[in-house]
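Enquirer: Let's see this in three dimensions:
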Amino acid sequence: MATHAAHKSWLRLSAIVIGCFGPALILGTIPATNELARLGLDILTWPVDGFPDYASEEIRFLSALAGGFLIGWAVMIWNLSEHAHDLAPEAVRRSVVYGACAWFVFDSLGSIASGHRPNVLWNVLVLLVIVGPMWRPATSLGPKKGETS
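Expert: Sure thing, here's the model as predicted:
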């Protein structure tokens, strides 16, 4: 079982994982820098076949929206770890787990509805990385500053 300190550290890892997707999608809005976003979505919509091609203004606009939301979500989780976790660790844990599960359900349903079932498998992997040991409440506060576990 994880400690509150381990959960707090995992929140930061979650923020980094989520946040890494944002800049790639933002770069997808610019034709000269969209290859990372295009390749990433091509992999997520397996098989790798050149789809999507990021040629349409609509996909670039949706990329901007998604990138912005992901960066905002990452910043929120980082700030929860920094400013709220010590005051309400269980509430923060539940908020992040419930948010990640909501993302998983709706992103996966959208992937299935749009004919991109392989993305659900990627979503499982990302969900497991984001939530990690936070599936269960922490057992203790962990070591105090200066102590070792």
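Enquirer: so who does the most centrally placed residue in the chain touch?
Expert: Nearest to the mean C-alpha position of the chain, by CA atoms, centre = their mean, lies residue 18 at 3.1 Å. With contacts taken as CB atoms under 8 Å, 6 or more residues apart in numbering, residue 18 has the following neighbours: 70, 73, 74, 77, 130. To be clear about C-beta, it is placed using only N, CA and C from the backbone, and glycine gets the same treatment.
Enquirer: repeat for residue 78
Expert: 11, 12, 15, 19.
Enquirer: follow-up on the earlier one: not counting residues beside it along the chain, what's closest to the residue nearest to the centre of the chain?
Expert: Counting by CB to CB, 6 or more residues apart in numbering, residue 18 lies nearest to residue 74, which is 4.3 Å off, once chain neighbours are set aside.
Enquirer: and that neighbour, how far is that from residue 12?
Expert: Here the distance between residue 74 and residue 12 works out to 10 Å (CB to CB, to the nearest Å).
Enquirer: who's more crowded, these two?
Expert: Set side by side, residue 74 and residue 12 show more neighbours around residue 74, with 19 against 15, by other CB atoms under 10 Å.
Enquirer: ok, which stretches of the chain are helices?
Expert: 4-27, 35-44, 57-79, 89-113, 118-131 (DSSP state H).
Enquirer: Now distance to residue 51 and mean pLDDT too, for those helices, in TSV please.
Expert: Written out in TSV, the entries for the helices of the chain read as follows (distance: least, CB to CB, whole Å; pLDDT from 0 to 100):
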stretch	distance to residue 51	mean pLDDT
helix 4-27	17	95
helix 35-44	6	89
helix 57-79	11	95
helix 89-113	14	97
helix 118-131	12	95
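Enquirer: so which of those comes closest to residue 138?
Expert: Nearest to residue 138 among the helices of the chain is helix 4-27 (4.4 Å), distances taken as CB to CB.
Enquirer: now the closest one and helix 89-113, what's the angle there?
Expert: 40 degrees (axes from the mean of the first three to the mean of the last three CA atoms, to 10 degrees).
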